[in-house]
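Undergrad: generate a structure from the sequence data that follows.
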Amino acid sequence: MRTRQCPSDAMNPHSSSGSSGLSSGSDSDSSSCLGWGGASTATAATAATGRGLLSRYWSLESLHSATVFNDGSTNRPSLLDDFGSDEDFYEELHVSGHRFVGGGEQLAINELISDGSVVYAEALWDHVTMDDEELGFKAGSVIEVMDATNKEWWWGRILDSEGWFPASFVRLRVNQDEPMEDCAIKAGDKDQDPRNVPRRNGFGPNNKDQMRTNVINEILNTEKHYIKHLKDICEGYIKQCRKRDDMFTEEQLWTIFGNIEDIYKFQKKFLKTLEKRINKESPHLSEIGSCFLEYQTDFQIYSEYCNNHPNACTELSKLSKAKKYVHFFETCRLLQKMIDISLDGFLLTPVQKICKYPLQLAELLKYTNPQHRDYTNVEAALDAMKNVARLINERKRRLENIDKIAQWQSSIEDWEGEDILTKSSELIHSGELTKISHQQPKGQQRIFFLFDHQIVYCKKDLLRRDILYYKGKMDMDDMEVVNVDDGKDRDFNITVKNAFKLQSKASEEIHLFLAKKPEHKQRWLQAFEEERKQVLLDKETGFSISEIQKKQAMINASKPQPAGKPKAVNRTYYDFWMKQKHPTLPANLPQQQVFMLAEPKRKPSNFWQNISRLTPFKK
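TA: Numbers count the residues shown, from 1 in each chain. Predicted coordinates for the structure are as follows:
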């Protein structure tokens, strides 16, 4: 077998080669590939017991919260004070002989692997690598975990390929006893005949109820832990920060914590409803799909939090430069008896949570028979939660675009009136048209920019065609689009071709527009329909841009732009993220990829590049 060097060792030549305790919140062992020494001598019965336990608690966020010492005693925050306890789980751990010391999950994984069991993990995100020693995969791929000794990098195999991969990029499968042929197919070996693959542990149709029970238990247990997590943030940090008005302003607190208190209130309500839908005696008969459908609109509350998260990281980065804030936040954590993760790590969890729901529901649907009373609702719930994630993605994209729109406005000469961001946040279409009105009967060639709620038109400079001068705008909320047939127009008494009108709903104001080609006209008519749909959707979903965000975008646009290609990720945010200690979020993944949920990537659009050529930003 070839020598394997953990990537973290390669980066740190002084890493220890001895055994070390693995604490979920400690960085002392992050560069060690050995973890704990010696092969496990657990019996097959113990391994089976451990597997059964882990089937209930495969989630990282469940296991990292507990510390079980060698004497069998437990020391952990009261995770389930408000929702019942799991003492039986810890009692079973003690009886089985497993010792979860901080990084308990990876110890249990290695013990199972050493006993000859096969452990599978499912990829949450794409892992693209150019290193021969690393294992590349797509989101949704199933990886056989062969070594989980190091908490940062695990060694795994997909078909005939082996290599290192970041542990934070995967989620251990709730049901480890699923037949191997399913894993092979999910990993991409669709040509393999399942009849030629041996089943293990007697998995069959009768076991599907147990598989569904495992998923139901995971959904419920992770929800309980998440509630405790939110409670700790609200009471352990926000409540204490509000007592120190000499250190924090309300604006700062909003920037750091966003609407996490509203999320906490909502999640408590959601959990109560979820618990009522659980059949405690026969969990596999539980009908929880309707619970997600009932609250699908409420989950959109995460959009505001996710969009604000980069601002929170930037603000925390500034505060971390002062020792008094570092000490204050650490004191808050200790007083609340929270696990050893920094505040930025805790604040990442809601971002992760909204992405995990579709994954959990997809797994639940997989083990739900089509004849089950919950099947239709689970199927609809999965689509609903995917739509919530897509909406959050779309809102994030819109918020990223406001900086571009502000920069566009700053490049326009002689701008008059209110800023474009006062009403708009999306550029829908642009192009050249000839404009005719009763005030200006002579046709004027103008560049038009259709935003939501308004259309702006500009004039090109006669000598420098890349410079635009502001000439006016129209309120699309007050305008009606009228298609005009080729021929004589009655309002202007002229012969027209490829024409349409914008007519005021409140007055007799009419503007006639002429496109150069029929397809250009059709594209404009389609764009006007898109604009109305966008406005309606924003109204239905409550999308809006805060005054702070608008103000910041205009301030950023007024700053001199650096020469060369702009960076894709805000550097302060990126650096801050790289240092966070949260155990499950990929540390080196661009934040905009967090919400993609393994959906096909959209073809890159050159729309803004075309706009940039028309109106380059001021140098």
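
Undergrad: alpha carbons only: can I get the longest strand along the chain in CSV?
TA: Using DSSP state E, we find that the single longest strand of the chain is strand 427-437. Extracted C-alpha coordinates of strand 427-437, given in CSV (Å, rounded to 0.1, in the frame of the first residue of the first chain):
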residue,chain,number,x,y,z
LEU,A,427,-31.3,44.9,-14.5
ILE,A,428,-33.6,43.0,-16.8
HIS,A,429,-32.7,44.1,-20.3
SER,A,430,-30.9,46.8,-22.2
GLY,A,431,-30.4,47.9,-25.8
GLU,A,432,-30.8,50.7,-28.4
LEU,A,433,-34.2,52.0,-29.4
THR,A,434,-35.5,55.1,-31.2
LYS,A,435,-37.8,57.1,-28.9
ILE,A,436,-40.6,59.4,-30.1
SER,A,437,-42.9,61.4,-27.9
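
Undergrad: quickly run through the sheet partners of that strand, with directions.
TA: strand 444-451 (antiparallel), strand 510-514 (antiparallel) (DSSP bridges).

Undergrad: contact partners for residue 495?
TA: The contact partners of residue 495, by CB atoms under 8 Å, 6 or more residues apart in numbering, come to 487, 488, 489. Glycine gets a C-beta too; all of them are placed from N, C-alpha and C.

Undergrad: need these in CSV (columns: neighbour count and pLDDT).
TA: Formatted as CSV, these follow (neighbours: other CB atoms under 10 Å; pLDDT from 0 to 100):
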residue, neighbour count, pLDDT
487, 9, 93
488, 10, 91
489, 16, 89
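
Undergrad: any idea how many residues pack against the nearest residue to residue 277 once chain neighbours are set aside?
TA: Distance criterion CB to CB, 6 or more residues apart in numbering; nearest residue to residue 277, sequence neighbours excluded, is residue 288 at 4.7 Å. Residue 288 has 25 neighbouring residues, counting by other CB atoms under 10 Å.

Undergrad: if I look at the residue lying closest to residue 238 once chain neighbours are set aside, how far off is residue 127?
TA: The shortest distance from residue 238 to any non-neighbouring residue, by CB to CB, 6+ apart, is to residue 257 (5.6 Å). Using CB to CB, to the nearest Å, one obtains 31 Å as the distance from residue 257 to residue 127.

Undergrad: with residue 556 instead?
TA: 33 Å.

Undergrad: okay, the two: which has more neighbours?
TA: Set residue 556 next to residue 127 and count neighbours by other CB under 10 Å: residue 127 wins out with 22 against 14.

Undergrad: quick check: phi and psi on that one?
TA: phi -120, psi 100 (degrees, to the nearest 10).

Undergrad: mind listing the residues bridging to it?
TA: Residue 127 forms beta bridges with residue 137, as assigned by DSSP bridges.

Undergrad: also residue 156?
TA: Beta-bridge pairing for residue 156 (DSSP bridges): residue 145, residue 163.

Undergrad: quick one: pLDDT of the spatially closest residue to residue 458 that is not a sequence neighbour?
TA: In space, and not counting its chain neighbours, residue 458 is closest to residue 468: 4.0 Å by CB to CB, 6+ apart. For residue 468, the pLDDT comes out at 93.

Undergrad: quick one: contacts for the residue nearest to residue 277?
TA: By CB under 8 Å, 6+ apart, the neighbours of residue 288 are 216, 219, 274, 277, 278, 364, 374, 378.

Undergrad: so residue 122, which state does it fall into?
TA: With DSSP: H, G, I helix; E, B strand; the rest coil as the basis, residue 122 sits in strand.

Undergrad: what do you get for the one 10 residues further on?
TA: Classification of residue 132 using three-state DSSP returns coil.

Undergrad: would you mind measuring from the closest residue in space to it that isn't next to it in sequence to residue 273?
TA: Using CB to CB, 6+ apart and skipping residues adjacent in sequence, the residue nearest residue 132 is residue 163, 7.5 Å away. Plainly put, residue 163 is 43 Å away from residue 273 if you go by CB to CB.

Undergrad: residue 541 and residue 424, how far apart?
TA: With CB to CB as the criterion, residue 541 and residue 424 are 16 Å apart.

Undergrad: which one's more surrounded, those two?
TA: The residue with more neighbours, out of residue 541 and residue 424, is residue 424; 25 against 14, by other CB under 10 Å.
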